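S.K.: predicted structure and sequence below. I'll ask about it afterward.
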Amino acid sequence: MARRAKNYRNDGDSVYRLFYDTVKGGDFRARESNVYRLAEVSVEIIDQCVAQGVPFAREYGGLLDNRSFGGVQVSRTFYARGQTGQQLLIGAYQALERQIAAETVAMHTRHEMLELIVVDGRARGVVIRDMVTGGIETHFADAVVLATGGYGNVFYLSTNAVGCNVTATWRAHRKGAYFANPCFTQIHPTCIPVSGEHQSKLTLMSESLRNDGRIWVPKSGEDKRDPRKIPEQDRDYYLERIYPSFGNLVPRDIASRAAKNVCDEGRGVGPGGLGVYLDFADAIARLGRPAVEAKYGNLFSMYAQITGEDPYQTPMRIYPAVHYTMGGLWVDYDLQASIPGLYVTGEANFSDHGANRLGASALMQGLADGYFVLPNTINDYLADGPFPKVAESHPAAVEAVQAVRARIDKLLSVNGSRTVDSFHKELGRVMWDYCGMERSEEGLRKALNRIRELKKEFWSDVRVLGTNEELNQALERAGRVADFFELGELMCIDALVRRESCGGHFRVESQTPDGEALRDDDEFAYVSAWEFGGDRRPVLHKEPLFYEYVEMKQRSYK
Amino acid sequence: MDITLRVWRQANSRAKGKMAVYKVNDISEHMSFLEVLDVLNERLTLQGEDPIAFDSDCREGICGMCGVVINGVAHGPQQTTTCQLHMRSFSDGDVIDVEPWRADPFPVIKDLVVDRSAFDRIIQAGGYISAPTGTAPDAHATPVPKRDADRAFDAATCISCGACVAACPNGSAMLFTAAKITHLGLLPQGQPERYSRVVGMVAQHDVEGFGGCTNIGECTAVCPKEIPFETISRLNRDLISALTHGGSHWPKAAPRRDELEEEEDDIIGF
């Protein structure tokens, strides 16, 4: 889905309203000015995408269809069945291929950035590895833009593609770029639960299912009956019980934590007890199967394909999963990182979502940054050029290349007894248990110790076979997991320092009497921007947040 | 369940490949096919053997990275992507052959990984609408009939996985090319470049070494996104229009006749 303040429905939508919803949805931890600009340029995104040929849903009159989505009260979401993200990506891909044909862009597929080259305090190039031949190459430029996505795979299991990783942004962080709000991660409530140890990836079921499905678990943890045989009085529709006015439609962070709580009480369903029912029996009785099929048919068949169960007959099982990372490299209003000449866009930066991202706004931000913000702001920097040419023999470039080679050699030479994936899985488990839906002082300290031990063990006992001079997927993963260890450590430190609850960051020590997130605006209304500390502690820089247009309030969904 | 995999192993694009046999015991029917390869790779690594290279990314059936040929069928027995194929589609004791896409324009990089950048070059030859960023008219300025929008969408769901090529006895990429032609050609925004697009893309398709389409239809039997066969008819109609009439009923859009005649030999092949 993709959000824009077009007001095509004459329902009072406006730039201000989108701005307001996003600031509030982010639980007052986003930068107000950035969010306002995002809302302003949102209007142009849909025009650009339609011009590129993105096939958004249309009404019979030929105009674009809109939906209400994800906790807002106006219809501003444009959609392309369940695949809006994919279709927007294809639109951008086609536009990019056109530029490649025009030779304004040189594309290097199957290459990975492994180091940033900083010369005289400016980002001037990158070191990349050709993943087919193992060749290490340098590329120089007046500026470097990272559009390398989020770091949800630090949890090993997430809804991200398995190739997603933090390496590009982490390498830049090590070279001096501040990393902002690393502990702000979004856990999505409606994913297909883990089916076993072999699980490599979690699949998101659209949030729209919560419009018609009812979420429940048995009242008693002992109740192992077939869900269809459990009578009404033995079921606990816990969201409807705890949040009578929003019911099954509470925001993502709240729905996720409630599911965790009932499973922690031993009332979870399915293998391992990590799941809750999402039941469509009422909707099918009320609307009839054809209507439910028309609305959710593709999701139901996807669910059946993955689980082997028929959701028309038996309730779906769902469980929360890591979906998005609001944190990322710190950027200023121009999307420039703390290293001059380094620009960061989309999920890779931290800028617009605060402590919680609203549904459908990741696409909006990625496209806004790339299409409309960066082309304007980067010019200001380039106007200071031309910068002196950097030769391949420049000490900074030589040093960067050597660092890359040394790291690869090290990974290949350990030849220990554990696979890369076994380390990644263990790290992910630690992050999920202690830096996931609920964080506590004690748990985070435990996690920090465990991550440091694991990191040490990784560098002395990992096994990566083969050579650098070939397609070596274990070697690629090893480098990424090594960076995930360092990131995981920083996430736990950030979560430890932020002794408040806000959005997706829930500290058990900071909650209201009825168990909701409790912000501490006097102490923590800031962006935490971490400077890499090498072997010492990372250094915290605080960017204070001011709210001139939206009054800071406690969110309530009761 | 216990199964036997016979997997194509090939060290690099120049090396000679061969099938290698692996027993994989104690796997769960809930595993996806790729997760079985993950498990096998973990075991191989611990035994000191080179793990099997295979591509995958989203693992939810939308990125098009993960295709392999399973028991002779692109993406295996279910009409879905390899990542969405689960072991409950197989039986205990099965012997399963796993091979990369076989087509000259898709050279093997290693084991099951092939280079599909030929598809990118077909897109570069016209698979887009020229719409520079920043100058777009209002999205509601041109209504699109719902029927056209829906059919354009059906074609736009192509994930460029290449199963159509792997399945085609001619090694043709016509279903892939036709999906793009149909998606863009049904939308009003796509009209100005409609005929130059089809000429350019089909020419590039042939340059890459993909075979001609002889309407066999194997492609649609394996396409995980069920791209309709009629997209190829649409491509042919647009191509014939472009070549014979110069697209004269689209005055602004038509490539000139004299521009086309030079290329005719390449395209039609006579």
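M.R.: Received the coordinates, thanks.
S.K.: B:Asp138 touches A:Ala51, doesn't it?
M.R.: No: if you go by CB atoms under 8 Å, B:Asp138 and A:Ala51 don't touch, sitting 9.9 Å apart. For every residue, glycine as well, the C-beta is placed using N, CA and C.
S.K.: more crowded one of these two?
M.R.: More crowded of B:Asp138 and A:Ala51, by other CB atoms under 10 Å in any protein chain shown: A:Ala51, with 23 against 14.
S.K.: now for that one: which residues touch it?
M.R.: B:Ile129, B:Ala131, B:Ala136, B:Pro137, B:Gln189 (CB atoms under 8 Å, 6 or more residues apart in numbering or on different chains).
S.K.: between those, which sits nearest B:Asp150?
M.R.: Of all these, B:Asp150 sits closest to B:Gln189, with 15.9 Å by CB to CB.
S.K.: do I have it right that A:Leu444 meets A:Val497?
M.R.: No: A:Leu444 lies out of contact with A:Val497 (CB under 8 Å); the separation is 9.6 Å.
S.K.: who's more crowded, these two?
M.R.: It is A:Leu444, of A:Leu444 and A:Val497, that has more neighbours when counted by other CB under 10 Å, with 21 against 13.
S.K.: the more buried one: what secondary structure?
M.R.: Assigned by DSSP: H, G, I helix; E, B strand; the rest coil, the conformation of A:Leu444 is helix.
S.K.: excluding residues flanking it in the chain, which one is nearest it?
M.R.: Closest residue to A:Leu444 apart from its sequence neighbours, by CB to CB, 6 or more residues apart in numbering or on different chains: A:Leu496 at 4.5 Å.
S.K.: ok, B:Leu239 next?
M.R.: That would be B:Val198: by CB to CB, 6+ apart, it lies 5.0 Å from B:Leu239.
S.K.: tell me the SS of that neighbour?
M.R.: At B:Val198 the chain is in helix, as set by three-state DSSP.
S.K.: and what of A:Trp216?
M.R.: Under three-state DSSP, A:Trp216 falls in the strand class.
S.K.: same check, this time on B:Ser233
M.R.: In three-state terms, and counting by three-state DSSP, B:Ser233 is helix.
S.K.: could you do A:Leu202 as well?
M.R.: Classified using three-state DSSP, A:Leu202 is coil.
S.K.: doesn't A:Val162 make contact with it?
M.R.: No: with contact defined as CB under 8 Å, A:Leu202 does not reach A:Val162; the gap is 10.7 Å.
S.K.: who has more neighbours, the two?
M.R.: Neighbours were counted for A:Leu202 and for A:Val162 using other CB under 10 Å; A:Leu202 has more, 24 against 21.
S.K.: could you list the domains of chain B?
M.R.: Here the domain parsing of chain B from automatic domain parsing is B:3-110, B:116-268.
S.K.: any idea how far apart the tips of the first one sit?
M.R.: Same thing as domain B:3-110. Chord length of domain B:3-110, first to last residue, is 23 Å (CA to CA, to the nearest Å).
S.K.: distance of the residue lying closest to A:Leu96 once chain neighbours are set aside relative to chain B?
M.R.: Closest residue to A:Leu96 in three dimensions, ignoring its sequence neighbours and counting by CB to CB, 6+ apart: A:Val105, at 6.5 Å. Using CB to the nearest CB, to the nearest Å, A:Val105 is found at 11 Å from chain B.
S.K.: ditto for A:Val414
M.R.: With distances taken as CB to the nearest CB, A:Val414 is found 13 Å from chain B.
S.K.: now that residue: closest residue in space that isn't a chain neighbour?
M.R.: Distances taken as CB to CB, 6+ apart place A:Val462 nearest to A:Val414, at 5.2 Å, with adjacent residues excluded.
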